[in-house]
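Asker: predicted model and sequence follow; I will ask about them next.
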Amino acid sequence: ATAWQRENRRLWSGAAELLRAMTAAATASNPSTKPIHARLAHLWGVDGEWADLLRQSLVLAADHELNASAFAARVTAATLSDMHSAVTSAVGTLKGPLHGGANEAVMRMLAEIGDLSRVDEDIRARLTRKEKIMGFGHRVYKTEDPRATHLRAMSRELAESSGDTRWYDMSRRIARIVNE
């Protein structure tokens, strides 16, 4: 039966099974009934505070109104396709560099810059070349993505607790330059 013909409790059960299967596939592990953040934290070798911050970041990523991936899933579901196809559409869209893939682009950029002392010169050169500075600014939110305040605080907390604030310090400096 298509999704719209199924009972809500069956839909939730099917969605939970699908998320567990996707987490297992993405991490090359067996499906588990543990919460996704707990599974990822365990597989990545972190726990406690780090696991909770991972949970919070997953919630913030999901709670983003009608973003591109949610829209893609809804369009696919509206064709009366199955839930697996809708989720596949959403994940494919999430990978795009103007959506969830922007996170990867930011990390690549930070790694290319390498050090706080090189941020100003590098970012100003990118801006002069009219390059997009991924992760700093948003097409929809003209002031600031409302999730950014929470993600920034979480990033600072993780950086300080790890004793390595390099990526956080670099990202804050980039934000100041981009917002000048």
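Answerer: Structure's in. What do you need?
Asker: list the contacts for E104?
Answerer: Counting by CB atoms under 8 Å, 6 or more residues apart in numbering, E104 touches P97. Heads up, the C-betas are built off the backbone N, CA and C, glycines and all.
Asker: secondary structure element holding it?
Answerer: Per DSSP states H and E: E104 is located in helix 102-113.
Asker: which helix or strand lies directly C-terminal to that helix?
Answerer: Downstream of helix 102-113 (by DSSP H and E), the next one is helix 119-128.
Asker: and the angle from that next one to helix 102-113?
Answerer: 120 degrees (axes from the mean of the first three to the mean of the last three CA atoms, to 10 degrees).
Asker: quick one: mean pLDDT for helix 119-128?
Answerer: Helix 119-128 shows an average pLDDT of 97 in the prediction.
Asker: tell me where the model's unsure across this protein.
Answerer: 1-12, 64, 137-142 (pLDDT under 70).
Asker: would you mark the buried spots in the host helix or strand of V59?
Answerer: In the assignment (DSSP H and E), V59 maps to helix 49-62. Neighbour-count burial for helix 49-62 flags 50-51, 53-55, 57, 60 (criterion: 16 or more other CB atoms under 10 Å).
Asker: one more: stretch 62-73?
Answerer: Going by neighbour count (16+ other CB under 10 Å), the buried part of stretch 62-73 is 64, 67, 69, 72-73.
Asker: what do you get for stretch 26-41?
Answerer: 36-37, 39-41.
Asker: now do the buried residues in the longest helix belonging to the chain.
Answerer: What stands out as the longest helix in the chain, according to DSSP state H, is helix 8-27. Within helix 8-27, the residues that count as buried by 16+ other CB under 10 Å are 20, 22-23.
Asker: from these, which is closest to Y168?
Answerer: T23 (27.0 Å; CB to CB).
Asker: next up, the contacts around the nearest residue to the closest one once chain neighbours are set aside.
Answerer: Nearest residue to T23 in three dimensions, chain neighbours excluded: I36, at 5.2 Å (CB to CB, 6 or more residues apart in numbering). If you count contacts by CB under 8 Å, 6+ apart, I36 has them with 19-20, 23, 58.
Asker: ditto for L94
Answerer: Contact analysis of L94 by CB under 8 Å, 6+ apart lists 68-69, 100-101.
Asker: of all the residues you listed, which comes closest to A153?
Answerer: Distance to A153 across the contacts of L94 (CB to CB) is lowest for G100, with 20.5 Å.
Asker: surely the closest one and A61 touch.
Answerer: Yes. Using CB atoms under 8 Å, G100 is in contact with A61, at 7.4 Å.
Asker: what about P146, how many neighbours?
Answerer: 13 (other CB atoms under 10 Å).
Asker: of the contacts of L94, closest to D115?
Answerer: Closest approach between these and D115, by CB to CB: G101, at 24.7 Å.
Asker: check contacts around that closest one.
Answerer: Neighbour list for G101: 94-95 [criterion: CB under 8 Å, 6+ apart].
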